[in-house]
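Novice: Fold the following for me, if possible:
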Amino acid sequence: MATCTGVKLGDGTVVGAHNVVVTTGTFLGGTLMCGKERYGGGRHLRDSEEVEPPSNGLSLQFAALGLQLGRLKTGTPARVDGKTIDWNVLEKQDSDGIHSGFDHVRQFNGDRMPLEHNFITCAKSSTNEETHKVVWDNRHLLPEYDGDDGKGQGPRYCPSIFKKVERFPDRKGHNCFLEPEGINTDVVYPNGMSGPYPPEIQLKILRTMEGMGGVELVIPGYDVEYDFVDPIQLTHTLETKKVSGLFLAGQICGTTGYEEAGAQGIVAGANAGKSGGMALRGEGRASPFILGRDESYIGVLVDDLVTKGTKEPYRMFTSRSEYRLSLRADNADIRLTRKGLEYGLVNDEERVAALDCREAIVEDSLEKLQSFSLLVHEWSKLGGENMGGKFAHDAVKRHGKRKTALEILKMPKVGLIDVEAVMETCDGRYESVPKAAFDTVEAQIKYSSYLGRQERDMASWRRSQGVKIPPDLTFDRATFPTLSAEELQKFNSFRPATFAEAGNISGITPQSLVYVYHYVVKRQKEKDRKRGAEGGGNTETREVGTSR
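Specialist: You can find the predicted model right below:
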């Protein structure tokens, strides 16, 4: 195995390092495209025609090291002058009135950010039939891509305006959200309108839309194609398998989006930094910093990348996680702070103290809700019929059916605030759950039954990896209404023979695999019953069986 010992800069300077993290974004072999014009670059400088140069030599070096490269595409819309938009005719998209930050320490201390004058207001416009005609009539002016089949592999869930018109010919319009790029600038980002037409065509397209009749461009939109390293060649620490000490993160691993890049930076940076520091001190290599699929969305993202790879820009969605009910914003600190503390990523005593206190509050609140109980008809009388449910009838009242506050909270249309109102009525000394833990307590109780079912579904799924998928199974919307268009397409393209094979296809979620598995099992049982009703027959060959 080769070993990375540092970086050689363009001017010949060598910077020694035990570990190196490479985050090339769209610069690796980058080619920019606007209309039929093609030129090397990673991106345009902000609000400028100047182009930052690509990194071409690095692609060649990666290939020489035996790393398999692919080619992906992304695009950005034009930036427009906000002073030339008629904001008065557009639907406003205001910011939320109350903002809770991601910082659990601030939330624990009761800090909230009220709506102030410097929060940005966006607006919504939309395309129309005239827009679509201009888009379609000028499609011959779009770039020719280097990607598979000459089409370029762009982000599936961020299609260009041309792709929207092409894929949805019956749609009369598509939303465009006009987003100011900052408080002290007039530059506006027309979200949803990427499309690397020549600048004059981009302007013509935008001016067909409501509020945009006199709009002016600040800088045209463009597409960029770039190289990426197939992430299946990485470990869960994001270190390359072929080169020790070389870590990759971001779009070089086949992802799209800022959050995905930042998530990988945490994993690659933590592992490279910790093991590199220990190597400098002569302490050997550090234990790996790896987050599990059941611990974080970062764990899901990294695991998907390094076990399945990707052929198109990967975006993290909650649906990709089989444990998404557990991976909530309200419990992020409880899930991950101690893991960060163990690895040396968290050394803030105030943060740890806030976590200790929040955990204690949650546990204490759950105990109070479990210990408080009333007769069902009393819950119904004090809190309304939603708290009584189907049990609030005479027969149950006579038998003295009781329910705890925790059990009542599990019922639909009943919130923690409703339950606490009853508890305060019955016990004036009751203290409500503090705001710092309120959402966590409510969610933990509300989701408890679903979490149990989720665990059972996944356990069943893990036991059934070898089950065969019938070759005649039809993957369409009528048969599988809950599957996404991407999943249906990939099932039909790959036609996996077993669920183990299906599980290795990027873009097919674990929950969808469980759904298809239950369908296959149910279909086979129906066939077996039909054979039995018709007088038996040879049923030794089953579609649902273990692959051998």
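
Novice: how about the helices in the stretch 101-250 of the chain?
Specialist: Secondary structure of the stretch 101-250 of the chain (DSSP state H, counting those that start in this stretch): helices at 104-108, 129-137, 161-167, 199-206.

Novice: Can you lay out those as JSON lines showing mean pLDDT?
Specialist: What follows is the helices of the stretch 101-250 of the chain, written out as JSON lines (pLDDT from 0 to 100):
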{"stretch": "helix 104-108", "mean pLDDT": "66"}
{"stretch": "helix 129-137", "mean pLDDT": "97"}
{"stretch": "helix 161-167", "mean pLDDT": "95"}
{"stretch": "helix 199-206", "mean pLDDT": "98"}
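
Novice: between those, which gets nearest to Glu322?
Specialist: Of all these, it is helix 104-108 that lies closest to Glu322, at 25.1 Å by C-beta to C-beta. (Each C-beta comes from the backbone N, C-alpha and C, glycine too.)

Novice: before we move on, the earlier item: compare the helices of the stretch 101-250 of the chain and give me the one nearest Lys401.
Specialist: helix 104-108 (38.2 Å).

Novice: what about stretch 81-96, average pLDDT?
Specialist: Stretch 81-96 comes out with an average pLDDT of 94.

Novice: Quick check: buried residues in it?
Specialist: Gly82, Thr84, Ile85, Leu90 (16 or more other C-beta atoms under 10 Å).

Novice: now stretch 33-41
Specialist: Met33, Cys34, Gly35, Arg38, Gly41.

Novice: Tell me which two in those are the farthest apart.
Specialist: Pairwise distances across the buried residues of stretch 33-41 (C-beta to C-beta) peak at 15.0 Å, for the pair Gly35 and Gly41.

Novice: which residues of the stretch 251-400 of the chain score low on pLDDT?
Specialist: Counting by pLDDT under 70, the stretch 251-400 of the chain shows low-confidence ranges at 389-400.

Novice: Do you have the strands of it handy? List them.
Specialist: 373-375 (DSSP state E, counting those that start in this stretch).

Novice: Now do the contacts for the closest residue to Gly309 other than its chain neighbours.
Specialist: Nearest non-adjacent residue to Gly309, counting by C-beta to C-beta, 6 or more residues apart in numbering: Ile232, 3.8 Å away. Counting by C-beta atoms under 8 Å, 6 or more residues apart in numbering, Ile232 touches Leu305, Val306, Thr307, Lys308, Gly309.

Novice: check contacts around Ala279.
Specialist: His18, Asn19, Arg285.

Novice: what about 7 Å?
Specialist: His18, Arg285 (C-beta atoms under 7 Å, 6 or more residues apart in numbering).

Novice: Check the spacing between it and Ser244 real quick.
Specialist: Per C-beta to C-beta, to the nearest Å, Ala279 is found 11 Å from Ser244.

Novice: quick one: secondary structure of Gly12?
Specialist: coil (DSSP: H, G, I helix; E, B strand; the rest coil).

Novice: Check Phe475 too.
Specialist: coil.

Novice: and it, how many neighbours does it have?
Specialist: 17 (other C-beta atoms under 10 Å).

Novice: Over to Trp379?
Specialist: 30.

Novice: Surely it touches Ile408?
Specialist: Yes - taking C-beta atoms under 7 Å as the definition, Trp379 is a contact partner of Ile408 at 5.7 Å.

Novice: Quickly list what's touching both of these two.
Specialist: Contacts common to Trp379 and Ile408, judged by C-beta under 7 Å, 6+ apart, are Met387.

Novice: which of the contacts of Ile232 count as buried?
Specialist: Leu305, Val306, Lys308, Gly309.

Novice: Just give the nearest non-adjacent residue to Gly6, would you?
Specialist: Gly16 (4.1 Å).

Novice: So that neighbour versus Ser55, what's the distance?
Specialist: Taken as C-beta to C-beta, the span from Gly16 to Ser55 is 20 Å.

Novice: Those two: who's more crowded?
Specialist: Shown here are Gly16 and Ser55; by other C-beta under 10 Å, Ser55 has more neighbours (21 against 8).

Novice: Enumerate the beta-bridge partners assigned to that one.
Specialist: Going by DSSP bridges, Ser55 is paired in beta bridges with Leu28.

Novice: Run through the residues that contact it.
Specialist: Counting by C-beta under 7 Å, 6+ apart, Ser55 touches Thr24, Phe27, Leu28.

Novice: run the last query once more with 8 Å
Specialist: Counting by C-beta under 8 Å, 6+ apart, Ser55 touches Thr24, Phe27, Leu28, Gly29, Gly30, Gly42.

Novice: from those, which is closest to Glu424?
Specialist: Nearest member of the contacts of Ser55 to Glu424, counting by C-beta to C-beta, is Thr24, at 57.8 Å.

Novice: how about the closest one, secondary structure?
Specialist: coil.

Novice: quick one: it and Gly70, what's the gap?
Specialist: For Thr24, the distance to Gly70 - C-beta to C-beta - is 13 Å.

Novice: more neighbours, these two?
Specialist: Under the neighbour definition other C-beta under 10 Å, Thr24 and Gly70 were set side by side, and Thr24 has more, 24 against 18.

Novice: Got the phi and psi for that one?
Specialist: Backbone torsions for Thr24, taken as degrees, to the nearest 10, come to phi -90, psi -10.

Novice: who's in contact with it?
Specialist: Applying C-beta under 8 Å, 6+ apart, the residues near Thr24 are Gly42, Ser55, Leu58, Tyr226, Gly250, Gln251, Ile252.

Novice: Need the pLDDT of it.
Specialist: 96.

Novice: tell me how far stretch 436-449 is from the chain's mean position?
Specialist: 22 Å (C-alpha atoms, centre = their mean, to the nearest Å).

Novice: Quick check: buried residues in that stretch?
Specialist: Ala436, Ala437, Phe438, Asp439, Thr440, Val441, Glu442, Ala443, Gln444, Ile445, Lys446.

Novice: Run through who's touching it.
Specialist: So stretch 436-449 is contacted by 104, 107-108, 110, 325-326, 328, 330-331, 334, 357-358, 361-362, 365-366, 369, 406, 409-410, 415-416, 432-433 (C-beta under 8 Å, 6+ apart).

Novice: For PyMOL, write a command that selects the buried ones of those residues.
Specialist: Only the buried entries of those go into this PyMOL selection, using 16+ other C-beta under 10 Å:
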select buried, resi 104+107+108+325+326+328+330+331+334+358+361+362+365+366+369+406+409+416+433
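
Novice: In the stretch 351-500 of the chain, mark out all the helices, start to finish.
Specialist: Going by DSSP H, counting those that start in this stretch, the stretch 351-500 of the chain shows helices at 376-383, 385-388, 394-399, 405-409, 416-426, 435-446, 448-463, 485-494, 499-503.
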